[in-house]
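Q: got a predicted model here, sequence first, then my questions.
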Amino acid sequence: MKTSEKIIKYIKAKGQATGSELADYLDISDRGVRKQLAVLLEKGILKKIGKPPKVFYLIKNKQEKSIEIEIDDKLKEKIDENYLAITPGGEKKEGIEGFKYWCKKNNLPIEKTAKEYIKTMAKYEIYKKDGIVNGMEKIKNTFKEVFLDELFYLDFYSIERFGKTKLGQLLLYAKQSQNKMLMKELIREIKPKVDQLIKKYKIDGIGYIPPTVKRETQLMKVLERGLHENLRSIVITKVKTAVAVPQKTLNKLNDRIENARITIMVEERNKFKNILLVDDAVGSGATMNEVAQKIREKNICRGKIIGLAITGSFKGFDIISEV
């Protein structure tokens, strides 16, 4: 029996196995096992889960194998650029493979659904200019008084029928799993557009909206380190209260405004010409608008205050409670 066949037989019997476990069983070197596993992974016979040093190999189910269906090159290119699926088991499937997985899971015809996906994407693209969504109309319709000069999203958090966008997926799982690799990937995705806005509006000060949920690894801190170290940072603080009330738990607009007004403070004393305020997700925009108001009241900004969210909601007052 070939070594590869022994590996398959062992994993079928055990359900899963590590590389070192297989090396012991086969009495060969770790390097020899890795070569065999690499071939089996490439052929789609095995899949792996976990991260070094704990990586497990499993038999790939027939339904998990690549679905060979012809899709127009232009459609494929658009899907490859924009689609990301995260499976319930924590696997990251990008582009057309992720889209095929989603269609298969939902019993949808791939070719027809691909055309519908591109058509839906086009509906949302009309709200973008230079690849960025302008959210000012939404916030003006939500608040009587708006203290931001501009508000932008790098993308919508989700779109109808197809759910979370690529940035929406990265944002959700980067925050929930506190996965630094996903956070770094998110930074790589958004940095060019952030640079574009900073240059266009001659930004000389940048402030990051502080998180309202305590986590060991805070996305906003990782963003602050990874995006723009050369710009002066504006000190924005989340005040500790007797009972922590995260913004995303509040369903009424007035409650969200009150929460932001009482718990978020701008401590900065320096003066800036133009300021960029960065948040991960904007639903109502209450926090962003309240911070802008405090900056105006303290006379910190002489020019424009630009709000920027990684993702934003499409509708008017719509809460993105997941993040």
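A: Structure's in. What do you need?
Q: how about the strands in the stretch 201-323 of the chain?
A: 205-208, 232-233, 236-238, 264-266, 275-282, 305-312 (DSSP state E, counting those that start in this stretch).
Q: which SSE is immediately downstream of the lowest-mean-pLDDT helix or strand in the chain?
A: Of all helical and strand segments in the chain, the minimum by mean pLDDT, DSSP states H and E falls on strand 46-51, at a mean of 84. Remark: after strand 46-51, the chain's next helix or strand is strand 54-59, criterion DSSP states H and E.
Q: buried ones in stretch 281-297?
A: 281-295 (16 or more other CB atoms under 10 Å). The C-beta positions use only the backbone N, C-alpha and C, and glycine is treated the same way.
Q: chain center to it: distance?
A: 21 Å (CA atoms, centre = their mean, to the nearest Å).
Q: could you export that stretch as PDB, CA atoms only?
A: Taking Å, rounded to 0.1, in the frame of the first residue of the first chain, the C-alpha atoms of stretch 281-297 are listed here in PDB:
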ATOM      1  CA  ALA A 281     -19.000  50.600  11.600                       C
ATOM      2  CA  VAL A 282     -21.600  53.400  11.400                       C
ATOM      3  CA  GLY A 283     -25.200  52.500  12.000                       C
ATOM      4  CA  SER A 284     -27.000  55.700  13.200                       C
ATOM      5  CA  GLY A 285     -23.900  57.800  13.200                       C
ATOM      6  CA  ALA A 286     -24.700  59.100  16.700                       C
ATOM      7  CA  THR A 287     -21.200  58.500  18.200                       C
ATOM      8  CA  MET A 288     -19.400  60.100  15.200                       C
ATOM      9  CA  ASN A 289     -21.700  63.100  15.200                       C
ATOM     10  CA  GLU A 290     -21.300  63.600  19.000                       C
ATOM     11  CA  VAL A 291     -17.500  63.400  18.900                       C
ATOM     12  CA  ALA A 292     -17.500  66.000  16.000                       C
ATOM     13  CA  GLN A 293     -19.700  68.300  18.100                       C
ATOM     14  CA  LYS A 294     -17.300  68.100  21.100                       C
ATOM     15  CA  ILE A 295     -14.400  68.900  18.700                       C
ATOM     16  CA  ARG A 296     -16.300  71.900  17.500                       C
ATOM     17  CA  GLU A 297     -17.200  73.000  21.000                       C
END
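Q: mind starting the numbering at 708 from now?
A: Done: numbering now begins at 708, and the last item shifts to stretch 988-1004.
Q: so who does Ile825 touch?
A: 782, 785-786 (CB atoms under 8 Å, 6 or more residues apart in numbering).
Q: sec struct for Val840, please.
A: strand (DSSP: H, G, I helix; E, B strand; the rest coil).
Q: count the residues that sit near the residue nearest to it when sequence neighbours are not counted.
A: Once flanking residues are discounted, Val840 sits nearest to Tyr860: 4.1 Å by CB to CB, 6 or more residues apart in numbering. Tyr860 has 25 neighbouring residues, counting by other CB atoms under 10 Å.
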